[in-house]
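Novice: Pasted the sequence and its predicted model underneath.
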Number of protein chains: 2
Amino acid sequence: MRPPTLRDVAAAASVHIATASRALNPATRSLVSTSTSERVVRAARSLGYRPNPIARSLKTARSDSVGLVIPDLTNPLVPPMVRGAEDVLSPAGYNAWLVNTDDDPARERTQIHSLRSRQVEGLIVATARLDHPLLEALHEEGVPIVLANRQLGTGHIPSVTADNAAGSAMAVRHLVDLGHTRIAHVAGPQDLSTGLLRQRGFLHAVQDHGLPADPDLVVTCSAWTEEAGAHAFGALLDRGVEVSAVVAAHDRLALGCYDALLSRGLSCPDDVSVVGFNDMPLMDKMRPSLTTVRVEHYQVGAEAARLLLDTFREPRRPARAVLLPPTLTVRASTGPARSRRPSGMSRGRIVAPAGVQARSAMP
Amino acid sequence: MRPPTLRDVAAAASVHIATASRALNPATRSLVSTSTSERVVRAARSLGYRPNPIARSLKTARSDSVGLVIPDLTNPLVPPMVRGAEDVLSPAGYNAWLVNTDDDPARERTQIHSLRSRQVEGLIVATARLDHPLLEALHEEGVPIVLANRQLGTGHIPSVTADNAAGSAMAVRHLVDLGHTRIAHVAGPQDLSTGLLRQRGFLHAVQDHGLPADPDLVVTCSAWTEEAGAHAFGALLDRGVEVSAVVAAHDRLALGCYDALLSRGLSCPDDVSVVGFNDMPLMDKMRPSLTTVRVEHYQVGAEAARLLLDTFREPRRPARAVLLPPTLTVRASTGPARSRRPSGMSRGRIVAPAGVQARSAMP
DNA sequence: TTGTATGCGTTATCAG
DNA sequence: CTGATAACGCATACAA
């Protein structure tokens, strides 16, 4: 049995189809007498009428939907962002189309094309790179876009992110308060705003506390994986660099640091304190539970959606970069710096393993 | 600048709009001469023509999209299922609409309504309860549905799930091989097929190994949370039930068991071995890393999508219940049963804390 | 306040 | 093989 259309409702209420349309549409109901409007509504209800959004879209050239461009749904940071966005979009009458790009530019291109052909009215994009011609081009074209979690280098497109520099500073501050002076940074990909700004924030914070910005204390990962973190931090340890604490630019990198320490017989936090970034689910269940800079990804998604809705209302509003304040969640992976023994191999001091020449920091 | 329509393409190729339509549509291209079809395709490409799926849907009464009804995107089991489904649907030309129900029947009802009004051609539902009138009704109506991860009690609707009973049996078998004879079960909600079948599988397996199905060894949780698991297993421990191993119906319940043990000064696996269910992300990073029954949720999603596509081709095909074989991932949370000392308080034997009367198992 | 007429972009059914 | 025409379901400018 074919679902009832407006025509059926109009017939049942013995009014013209146009009248039925007006009566059923809250915005135009005032143009119709209360009595007939009531009659129409009753007829619609009794027939189980549901407006056909396809037909409506064709007519109004609106789809009431936005595209959500994400790297990968199975990345634990993503689902909270998505729900945050949906929880704002939904009450505003918008639906969200999700697409995964797997951080592959080609796939991203086709996915965004597919979204546009489905007539989405705007885009929330969580896959921005610092240099991102595609997004710049779309923005030039006038496609409403809001970036979530990551920004462009140019800042031309509105964005909602955590205040990454502030987050790094909080981590450093915490470690300095615990007495640490040799603090390393396991940085993330430098072509992403998250990686870059967390590193910059780290370097500034270290200097603000009067500590030298020793290049030996910074290692960079090209991916946010445990393996990358373990490899990078392991290399730093193996170089014999003196270090009692590390700020990782991502919880996964921090877990990699755990692995690097474990495989070298070192303990966290006794030998080295570790701070992560993001506070992914289950970070409280690690051993040791991870001290980390908490980012409210739900809020990032929600705020991005609000910005997008704003853009719909005021298309030519200048780009804004909304920074959400992170917080520091202190758990068991950070502890006081060991007071250094005058000489010898204290457990708090990392020395190069046999066969590796210890290299002293530049003066 | 308005995006080009079929009319524009037809004009540019100086053919009738109907001819342009046929030329551009792979299925009807054969009705058009090669030369004109080439001309049309060239015109379309040079104009950057993209068919309007809204208009097409209105005409064809197809949406090329299916609904994916999930409990909550932030549940770590869900994203792999979703991607599995998408990776099958996408090559078949279907897009997936995602909705979260938060396991709230009212919300589920409205979300499914919303999907239907968006003209989805079928539903993949991961929120089934054993008793689920809404789904039965939809199925009666002829809406193509495939259940994923959970089944109905009646089995009237095609489903794809892990073989939950087999999974429980694998867990029990593993523990028996390690010498355990007092094995508990922390069961999940019994109104869900997952909870029920894992419990049943546990009880059968225990009996198959000649162990008594002691009711004291089974506790039930009404939610898949760590708190519920900790509370239930804690209560079992506090009753003084002798137990050296536990099969939890979910990794989260298993983590709750960890908590219950920890807060009672007991150690895993030295005092009690713990087996989880699902192998959620990061379970290898727990301390101890969790031995668990691995369910390939990606495959569950993918297979559910395949079944749905089958249903589109053969609407009246009888319901099938596809069971995917789980595997046991052995990690550090399970170890050999302690050989029991003749008397005294061995660490391997749990005794009731002061103030709690130890209750012996029924004879 | 209600009815009339038209079109959104596409596909399908006719003729020719 | 191609062109003309209608129709999908709805919203709206215009007329009454």
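Specialist: Arrived safely.
Novice: before we move on, what SS does residue A:120 have?
Specialist: coil (DSSP: H, G, I helix; E, B strand; the rest coil).
Novice: That one - how many residues pack around it?
Specialist: 25 (other C-beta atoms under 10 Å in any protein chain shown). Every residue, glycine included, has its C-beta placed from N, CA and C.
Novice: Just list what the helix or strand residue A:96 falls within packs against, helices and strands only.
Specialist: Assigned by DSSP states H and E, residue A:96 belongs to strand A:95-100. Packing contacts for strand A:95-100, counted by 3 or more C-beta pairs under 8 Å, 6 or more residues apart in numbering or on different chains; DSSP states H and E, involve strand A:65-70, helix A:78-89, helix A:105-117, strand B:95-100.
Novice: Tell me the strands beside the helix or strand just after the third one, with direction?
Specialist: Sequence order places strand A:123-125 as the next helix or strand after helix A:105-117, per DSSP H and E. For strand A:123-125, sheet partners with direction are given as strand A:65-70 (parallel), strand A:145-148 (parallel), following DSSP bridges.
Novice: and the helix or strand following the last one, what other elements does it pack with?
Specialist: Right, strand A:145-148. Downstream of strand A:145-148, the next assigned helix or strand under DSSP H and E is strand A:159-162. On a contact count with 3+ C-beta pairs under 8 Å, 6+ apart, strand A:159-162 meets strand A:145-148, helix A:297-313, strand A:321-324.
Novice: which SS class is the residue in the stretch 201-350 of chain A that chain B sits nearest to?
Specialist: Of all residues in the stretch 201-350 of chain A, residue A:287 sits closest to chain B, at 3.2 Å by C-beta to the nearest C-beta. Put simply, residue A:287 is coil when judged by three-state DSSP.
Novice: what's the distance between it and residue B:182?
Specialist: For residue A:287, the distance to residue B:182 (C-beta to C-beta, to the nearest Å) stands at 27 Å.
Novice: what's the answer for residue A:137, then?
Specialist: From residue A:137 across to residue B:182, the span is 66 Å (C-beta to C-beta).
Novice: show me where pLDDT drops low in the stretch 151-300 of chain A?
Specialist: In the predicted model, the stretch 151-300 of chain A carries no residue with pLDDT under 70.
Novice: Please identify the residues of it in proximity to DNA strand D?
Specialist: Within the stretch 151-300 of chain A, no position is near DNA strand D by C-beta under 7 Å from any atom of the strand.
Novice: Smallest gap between the stretch 151-300 of chain A and DNA strand D, at which residue?
Specialist: Closest to DNA strand D within the stretch 151-300 of chain A is residue A:158: 27.7 Å, counting by C-beta to the nearest atom of the strand.
Novice: Measure how buried residue A:193 is and give me the count.
Specialist: For residue A:193, the tally of surrounding residues (other C-beta under 10 Å) stands at 22.
Novice: so it touches residue A:164, yeah?
Specialist: Yes: at 7.3 Å, residue A:193 counts as touching residue A:164 under the criterion of C-beta atoms under 8 Å.
Novice: out of everything not next to it in sequence, what's closest to residue A:232?
Specialist: Among residues not flanking residue A:232 along the chain, residue A:219 sits closest, at 4.1 Å (C-beta to C-beta, 6 or more residues apart in numbering or on different chains).
Novice: Quickly list what the one you found is bridged to.
Specialist: Bridge pairing for residue A:219 (DSSP bridges) gives the partners residue A:186.
Novice: Contacts only, for it.
Specialist: Shown in contact with residue A:219 (C-beta atoms under 8 Å, 6 or more residues apart in numbering or on different chains): A:184, A:185, A:186, A:187, A:232, A:233, A:235, A:236.
Novice: Pick the one among those residues closest to DNA strand C.
Specialist: For the contacts of residue A:219, the nearest to DNA strand C is residue A:187 (47.2 Å; C-beta to the nearest atom of the strand).
Novice: That closest one reaches residue A:194, doesn't it?
Specialist: No: using C-beta under 8 Å, residue A:187 makes no contact with residue A:194, being 10.1 Å away.
Novice: contacting residues around residue A:15?
Specialist: Going by C-beta under 8 Å, 6+ apart, residue A:15 touches A:23, A:36, A:39, A:40.
Novice: got JSON lines for the residues you listed, with pLDDT and neighbour count too?
Specialist: Compiled in JSON lines, the contacts of residue A:15 are given as follows (pLDDT from 0 to 100; neighbours: other C-beta atoms under 10 Å in any protein chain shown):
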{"residue": "A:23", "pLDDT": "92", "neighbour count": "26"}
{"residue": "A:36", "pLDDT": "91", "neighbour count": "16"}
{"residue": "A:39", "pLDDT": "91", "neighbour count": "19"}
{"residue": "A:40", "pLDDT": "92", "neighbour count": "26"}
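Novice: Intersect those with the contacts of DNA strand D.
Specialist: Okay, of the contacts of residue A:15, nothing touches DNA strand D (C-beta under 7 Å from any atom of the strand).
Novice: Just the pLDDT for the spatially most central residue of chain A.
Specialist: For chain A, the residue sitting closest to the mean C-alpha position, by C-alpha atoms, centre = their mean, is residue A:149 at 3.4 Å. Note on residue A:149: pLDDT of 98.
Novice: For DNA strand C, see how far away it is.
Specialist: Distance from residue A:149 to DNA strand C, counting by C-beta to the nearest atom of the strand, to the nearest Å: 34 Å.
Novice: I am assuming residue A:231 contacts residue A:256, so please confirm or correct that.
Specialist: Yes: between residue A:231 and residue A:256 there is a contact under C-beta under 8 Å: 7.3 Å.
Novice: ok, the two, which is more surrounded?
Specialist: Higher neighbour count among residue A:231 and residue A:256: residue A:256, with 26 against 17, using other C-beta under 10 Å.
Novice: for that one, what are its contacts?
Specialist: The contact partners of residue A:256, taken as C-beta under 8 Å, 6+ apart, are A:186, A:225, A:226, A:227, A:228, A:229, A:230, A:231, A:232, A:233, A:248.
Novice: Residues contacting the strand holding residue A:96, please?
Specialist: With contacts defined as C-beta under 8 Å, 6+ apart, strand A:95-100 is touched by A:64-73, A:82, A:85-86, A:89, A:107, A:111-112, A:114-115, A:118, A:120, A:124, B:83, B:86, B:95-98, B:114, B:118.
Novice: buried subset of those?
Specialist: Using 16 or more other C-beta atoms under 10 Å in any protein chain shown as the burial test, the contacts of strand A:95-100 include A:64-71, A:73, A:82, A:85-86, A:89, A:111-112, A:114-115, A:118, A:120, A:124, B:83, B:86, B:95-98, B:114, B:118 as buried.
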